[in-house]
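Peer 1: Just a sequence and a predicted model for now, questions to come.
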Amino acid sequence: MLLELFLDGNKVALETGRFPDGAVRVRLLPPRLPRAEKLKIRATAMRNMDDLMLLAQVMDAARSQYDLHWTTLELPWLPYARQDRSMQEGDSFALKIFAGFLNQLGFDRIRVLDPHSDVAGAVVNNMVAIPQHLCLRHSANLIEKLQSGMMLMAPDAGALKKIHAVAQQVAAREYGILGKHRDLGSGALSGFSLLQGDVAGKDVLIADDLCDAGGTFIGSAAVLRAAGARSVSLYVTHGLFSRGVAALLQQGIDHIWTTTSVADPAIAGERVELIDIETIYNNERAAHAH
């Protein structure tokens with residue numbers, strides 16, 4: 001995780017480490033500001049409870065030194081967002097548990113990029129979601145392709161609300177819908193199909209909130225190419241890419257766009273474009289300032 005602290009707009013250096021028993025630690029480095037009223041923390045690529053503990057320690061250290069009047073957390077990637085309900089007997093509601101810990105820190109505002117579902121806003125206090133269509137518009141290259149006729153494709157019916165907003169953002173006349181079956185017990189995917197849309201001879205962009213191993217998009221690309229698509233590209237706000245991007249690029253995906261919310265910057269290349277979250281957050285702050 002990359003943890004950044006700003007007090008009244010001034011970046012404050014942090015020192016992190018671990019004690020011999022493995023417990024994480026952090027402290028604010030000098031020089032100490034004479035006073036501060038506004039705090040902003042950006043926690044990029046938060047992954048685990050150690051990261052949450054570091055965040056909590058920064059908040060505690062800052063509050064012990066300053067009389068803070070407004071606190072903001074920029075949390076590009078919301079951990080446990082996919083576990084937004086109990087899927088089957090014996091499961092936990094992990095997002096609600098994580099949100100409970102996060103809420104105890106008492107942020108006045110928490111800004112999250114493209115959360116997995118609307119459930120996040122119900123369990124995370126004071127959360128503001130920056131939606132998918134406002135994230136991807138910061139790639140001029142991608143917007144130009146979409147406005148030039150690249151066809152939008154929803155990976156499943158559950159993504160229709162988001163894909164409709166993207167279509168409105170780029171004034172797209174149509175979009176397609178894919179279907180698949182996921183076994184709730186094993187997570188295995190099967191039954192990929194094109195439910196709506198004529199893709200013959202067209203460049204297609206699948207848009208979704210995240211990519212983990214990439215099986216959904218490899219299977220979807222095969223279906224789209226079989227239906228005559230000229231090219232198949234992918235936009236995801238959060239690129240976890242647990243099996244790397246090479247597997248996608250070698251199995252039917254021509255180009256990938258994602259943000260720096262959680263993706264490794266080293267993946268950027270000729271066929272992989274990263275959208276800087278700094279640009280997204282700056283634009284969102286400017287829009288609300290007016």
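Peer 2: That came through fine.
Peer 1: Provide a list of residues in contact with the residue of the chain positioned farthest from its centre.
Peer 2: Distance to the chain centre peaks in the chain at Pro34, reaching 35.7 Å (criterion: C-alpha atoms, centre = their mean). By C-beta atoms under 8 Å, 6 or more residues apart in numbering, no residues touch Pro34. Placement of C-beta: from N, CA and C, glycine included.
Peer 1: so where's the stretch 101-250 of the chain shaky on pLDDT?
Peer 2: Applying pLDDT under 70 to the stretch 101-250 of the chain flags the ranges 181-190.
Peer 1: Quick one: the strands in it, in order.
Peer 2: 109-113, 127-130, 151-154, 175-182, 189-196, 203-211, 231-239 (DSSP state E, counting those that start in this stretch).
Peer 1: So for Leu136, which of the ones you listed sits nearest?
Peer 2: strand 231-239 (5.4 Å; C-beta to C-beta).
Peer 1: Skipping its backbone neighbours, what lies nearest Ile275 in space?
Peer 2: Nearest-residue entry for Ile275: Thr259, 4.5 Å, with adjacent residues in sequence omitted and distances by C-beta to C-beta, 6 or more residues apart in numbering.
Peer 1: For that neighbour, grab the count of nearby residues.
Peer 2: Thr259: 25 surrounding residues under other C-beta atoms under 10 Å.
Peer 1: how about the strands of the stretch 101-250 of the chain in CSV, adding distance to His138 and mean neighbour count?
Peer 2: Converted to CSV, the strands of the stretch 101-250 of the chain look like this (distance: least, C-beta to C-beta, whole Å; neighbours: other C-beta atoms under 10 Å):
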stretch, distance to His138, mean neighbour count
strand 109-113, 11, 21
strand 127-130, 11, 18
strand 151-154, 17, 24
strand 175-182, 20, 18
strand 189-196, 28, 14
strand 203-211, 14, 24
strand 231-239, 11, 25
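Peer 1: Which among these is found nearest to Lys96?
Peer 2: Nearest of those (C-beta to C-beta): strand 127-130, 13.1 Å.
Peer 1: now for that closest one, which elements pack on it?
Peer 2: On a contact count with 3 or more C-beta pairs under 8 Å, 6 or more residues apart in numbering; DSSP states H and E, strand 127-130 meets strand 109-113, helix 119-123, helix 277-289.
Peer 1: What lies in contact with the first one?
Peer 2: Outside strand 109-113, the residues that touch it by C-beta under 8 Å, 6+ apart are 70-78, 102, 120, 124-130, 135, 237-238, 259, 261, 277, 280-281, 284.
Peer 1: all helices for the chain, in order.
Peer 2: Remark: helices assigned in the chain by DSSP state H are 49-65, 94-103, 119-123, 132-136, 140-147, 160-169, 215-226, 246-249, 277-289.
Peer 1: will you turn these into JSON lines that also has mean neighbour count and distance to Leu195?
Peer 2: Shown next, in JSON lines, are these (neighbours: other C-beta atoms under 10 Å; distance: least, C-beta to C-beta, whole Å):
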{"stretch": "helix 49-65", "mean neighbour count": "16", "distance to Leu195": "38"}
{"stretch": "helix 94-103", "mean neighbour count": "18", "distance to Leu195": "28"}
{"stretch": "helix 119-123", "mean neighbour count": "16", "distance to Leu195": "25"}
{"stretch": "helix 132-136", "mean neighbour count": "23", "distance to Leu195": "20"}
{"stretch": "helix 140-147", "mean neighbour count": "15", "distance to Leu195": "21"}
{"stretch": "helix 160-169", "mean neighbour count": "16", "distance to Leu195": "11"}
{"stretch": "helix 215-226", "mean neighbour count": "20", "distance to Leu195": "10"}
{"stretch": "helix 246-249", "mean neighbour count": "17", "distance to Leu195": "22"}
{"stretch": "helix 277-289", "mean neighbour count": "14", "distance to Leu195": "31"}
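Peer 1: Reformat those helices into CSV and put distance to Gln88 next to each item.
Peer 2: Formatted as CSV, the entries for the helices of the chain read as follows, by distance: least, C-beta to C-beta, whole Å:
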stretch, distance to Gln88
helix 49-65, 24
helix 94-103, 13
helix 119-123, 17
helix 132-136, 28
helix 140-147, 37
helix 160-169, 25
helix 215-226, 20
helix 246-249, 28
helix 277-289, 34
